[in-house]
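Colleague: Can you look at this prediction? I've put the sequence above it.
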Amino acid sequence: MKELEAFKNDKSELFETDDSADLEELHLRIKHQEIVESQYTRIRNEEMWRIWIDLIYPWLEEEAMTQGLHVILDVDDEKLTGKITISGDRFFINNLYCDAKNYLEVMVHYANDFWISDENGLFVVEVLFDLYDKEKTSDKTQEIEKAKQDFNSFRLQHGKKVRFKFNP
């Protein structure tokens, strides 16, 4: 019995974390990413806009009418990002009367991320995409290196390995 109690105590110590240290580590990661991103300006990419807004979305609206789907387009004009959500009972992607397979291939090719889920018995496809190019407007190499050093020294102070390398 004593061995079992000792094992339980050892096990709980293994999984104990310092929430404030984890939060601080997250803040340091965010700070690094913000510095990296602040070097760039987002410029509207007309080709991506044409592909997503002028081609894919209108096609999805047409498919929604013929297949009984619900399609939502959400574009953030400030961040130049977008999201398309498709939901319904079923989605036919390969039959004689529709070219869904080709459009889905284009969507996946140009998407930053996508996922398929099931909500309340309906399938849901969400696709995230960018409508911008980045143009470097400043060089913050020294600030980025300092943020990396801060992050790595914080991890060392908390007994963690410096195993995460930042690649801006």
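Modeller: Good, I have the coordinates.
Colleague: In contact with the closest residue to Thr81 other than its chain neighbours, which residues?
Modeller: Spatially, and ignoring its direct neighbours in sequence, Thr81 is nearest to Asp130 (5.6 Å; Cβ to Cβ, 6 or more residues apart in numbering). (Each C-beta comes from the backbone N, C-alpha and C, glycine too.) Contact analysis of Asp130 by Cβ atoms under 8 Å, 6 or more residues apart in numbering lists 45, 48, 80-82, 112.
Colleague: let's see it at 10 Å
Modeller: If you count contacts by Cβ atoms under 10 Å, 6 or more residues apart in numbering, Asp130 has them with 42, 45, 48, 52, 79-82, 110-112.
Colleague: and it, what pLDDT?
Modeller: On the pLDDT scale, Asp130 is placed at 95.
Colleague: Look up how far Gln39 lies from it.
Modeller: For Asp130, the distance to Gln39 (Cβ to Cβ, to the nearest Å) stands at 17 Å.
Colleague: Repeat that for His109.
Modeller: Going from His109 to Gln39 by Cβ to Cβ gives 27 Å.
Colleague: what bridges to the closest residue in space to Ser117 that isn't next to it in sequence?
Modeller: Nearest in space to Ser117, with sequence neighbours left out and distances taken as Cβ to Cβ, 6+ apart, is Val124 at 5.0 Å. In this structure, Val124 bridges to Ser87, Ser117 when assessed by DSSP bridges.
Colleague: ok, now which ones touch Val124?
Modeller: Val124 is in contact with 70, 85-88, 115-118, counting by Cβ under 10 Å, 6+ apart.
Colleague: returning to that earlier point: how about the residue nearest to Thr81, phi and psi?
Modeller: phi -100, psi 150 (degrees, to the nearest 10).
Colleague: and it, how far is that from Asp76?
Modeller: Going from Asp130 to Asp76 by Cβ to Cβ gives 10 Å.
Colleague: what's the overlap in contacts for the two?
Modeller: When contacts are counted by Cβ under 10 Å, 6+ apart, Asp130 and Asp76 have Gly82 as shared neighbours.
Colleague: Buried residues of stretch 148-158, list them for me.
Modeller: For stretch 148-158, burial by neighbour count (16 or more other Cβ atoms under 10 Å) applies to 148, 151-152, 154-155.
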